[in-house]
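A.B. asks: Test case, fold it:
(one chain, ligands or ions: 1)
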Amino acid sequence: MSERLAGVADIECVTPDLNGVPRGKVMTVEGFLSERRLQLARGVLLQCIMGGYPEAEFYGHDDGDLVLCPQADQVHVLPWLDQSRALAICEAVELDGQLSGLSTRAVLRKVVNQYAERGWRPVVATELEFFLFEPNRDDTQAFQPPVGLDGRREVGAGAFSVSTSNGLKPFFDEISAGMAALGIPRDTFMHEMGVSQFEINFVHGDPVLIADQTFLFKHMLHEVALKHGLIAVCMAKPLARVPGCSMHIHQSIVDQASGQNIFTEATTQQPTAAFNHFIGGLQHCMAELTLLMAPYVNSYQRFCHAYASPNNLCWSHDNRAAGLRIPASEPVARRVENRLPGADANPYLAVAASLAAGLYGIDHGCEPSAPAQGEFTAPDELVLPGTLHEAIHRLDRSEIARGLFGAEFINGYLATKRMELESFMDEITPWERRFLGSQV
Ligand SMILES: NC(=O)CC[C@H](N)C(=O)O
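C.D. replies: Predicted coordinates for the structure are as follows:
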């Protein structure tokens, strides 16, 4: 480790909070190498996006500490900071050595363990969409696409164009170098449908590893964008009348003994009962768990105009209007794509919710609906909550959620989300002034 950190002065020791924002402390490399114990106030994991904390009852009356335990395989020198800084993803551990009940990384680890107890290994891949914009100093104004190398601002028609992305080549070169340094294999990246909207696809792998990579990638994206005079925006819906940003999750399950994908029958190559029940579990549970994939008011704006961003739990073969899509693939790669999470979601939580729902379906033999075909209308029971209010209410009422993730976690999460909703309700938007101001 000390060789890897030669030339590094400081290490950012971070853990994801409930929203997936990296929180922690910067430690000297000497302190880090001597394994000096690093502690952080427990309530930090429940920090809301505006910066405040819910009532202390949700994180312990004594406002005590957690220990941040660096994960040896997630210590990386950061090339965008002149190699003088490194970052370590830490697991948040209670003083008694238990994984913290408030840690979203620990929530995901527990779900993966439940698969391991059955002899299975879930495999996931995330896809992350984001926009690049000019820094926005007046938040009453809409975001503006940046000016590219050719001195022009992209105005449209850039979707899937390689040359349009090349206008921002210095930025993307630094992102590529950053991915290599963070140990994130690159699959594809592309210009998406929106003006200055991009997508990066991660190579599939272990769920905790992929969530770590997605978390690190988002962190790097923000930092490198600032260095290039840009902002990287992973809001679910940053611009009106333009597609939003998703974090699609592809999921399959491998049997540890045989190495086979349990969604495909080895001899017939047909879908298995486990495949059907996995889909049935997502259909049964995900409406109650929507808040874990769509955590802000803005998340629901992505759902309300269908730019390939479904708000339903219908499943379908290769149809982007269905929340659960089965991509065309070889039988060996049969997988379920959950298209519901936005890029604003905490990757640990979105992956945990999706995998836990699928496992619930396998354990309980949940039968899926008939697959949706062509243009379809989702039945009421397969429509997601349409607002943050409703999603909070559904999660609050969910016994399944408390059973899967523990009451401490769900209650803390709800407390933070309620604070964020109340803060939003304190704002009167331009729309309200424009249309309600003089008419009603
Ligand atoms: N390529 C796509 O599938 C587009 C997804 C869409 N941008 C969404 O928000 O869900």
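
A.B. asks: what does the stretch 251-400 of the chain put close to the ligand?
C.D. replies: Listed as neighbours of the ligand in the stretch 251-400 of the chain under the rule Cβ under 6 Å from any ligand atom: 302, 307, 308, 309, 320, 339. Heads up, the C-betas are built off the backbone N, CA and C, glycines and all.

A.B. asks: Looking at those residues, state which has the most neighbours.
C.D. replies: Sorting those by how many neighbours each has (other Cβ atoms under 10 Å) puts residue 302 first, at 25 neighbours.

A.B. asks: Surely that residue is in contact with residue 244?
C.D. replies: Yes: between residue 302 and residue 244 a contact is recorded at 3.4 Å, counting by Cβ atoms under 8 Å.

A.B. asks: what's the overlap in contacts for those two?
C.D. replies: Residues touching both residue 302 and residue 244 by Cβ atoms under 8 Å, 6 or more residues apart in numbering: 236, 237, 309, 342.

A.B. asks: So which of the residues you listed is the closest to the ligand?
C.D. replies: When the shared contacts of residue 302 and residue 244 are ranked by distance to the ligand (Cβ to the nearest ligand atom), residue 309 comes first, at 3.3 Å.

A.B. asks: my guess is the closest one meets residue 300, correct?
C.D. replies: No: judged on Cβ under 8 Å, residue 309 makes no contact with residue 300 at a distance of 10.7 Å.

A.B. asks: got a markdown table for the residues of the stretch 251-400 of the chain next to the ligand, with pLDDT too?
C.D. replies: What follows is these, written out as a markdown table (pLDDT from 0 to 100):
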| residue | pLDDT |
| --- | --- |
| 302 | 95 |
| 307 | 74 |
| 308 | 83 |
| 309 | 89 |
| 320 | 86 |
| 339 | 96 |
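
A.B. asks: Tell me which two in those are the farthest apart.
C.D. replies: Pairwise distances across these peak at 13.8 Å for 302 and 320 (criterion: Cβ to Cβ).

A.B. asks: Give the intersection of the neighbour lists for these two.
C.D. replies: Counting by Cβ under 8 Å, 6+ apart, nothing touches both residue 302 and residue 320.

A.B. asks: Return, as residue ranges, the portions of the chain with sub-threshold pLDDT.
C.D. replies: Within the chain, the ranges that satisfy pLDDT under 70 run 61, 157, 164-165.

A.B. asks: can you give me the strands for it?
C.D. replies: Taking DSSP state E as the test, the strands found in the chain are 10-16, 22-28, 39-41, 65-77, 85-93, 120-133, 186-191, 197-202, 231-233, 247-255, 315-317, 324-326, 336-338.

A.B. asks: Now distance to residue 262 and mean neighbour count too, for those, in TSV please.
C.D. replies: Output for the strands of the chain, formatted as TSV (distance: least, Cβ to Cβ, whole Å; neighbours: other Cβ atoms under 10 Å):
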stretch	distance to residue 262	mean neighbour count
strand 10-16	29	23
strand 22-28	34	17
strand 39-41	39	15
strand 65-77	26	18
strand 85-93	28	23
strand 120-133	7	22
strand 186-191	23	15
strand 197-202	22	21
strand 231-233	37	20
strand 247-255	5	22
strand 315-317	17	18
strand 324-326	15	24
strand 336-338	12	23
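
A.B. asks: For residue 373, find the nearest of those strands.
C.D. replies: strand 315-317 (6.9 Å).

A.B. asks: Can you get me a residue count around residue 150?
C.D. replies: 11.

A.B. asks: Tell me where the stretch 151-300 of the chain has helices.
C.D. replies: Applying DSSP state H, counting those that start in this stretch to the stretch 151-300 of the chain gives helices spanning 162-166, 169-182, 207-227, 273-285, 297-304.

A.B. asks: Contacts only, for residue 138.
C.D. replies: Contacts of residue 138 (Cβ under 8 Å, 6+ apart): none.

A.B. asks: To clarify, my last question referred to residue 438.
C.D. replies: So residue 438 contacts nothing (Cβ under 8 Å, 6+ apart).
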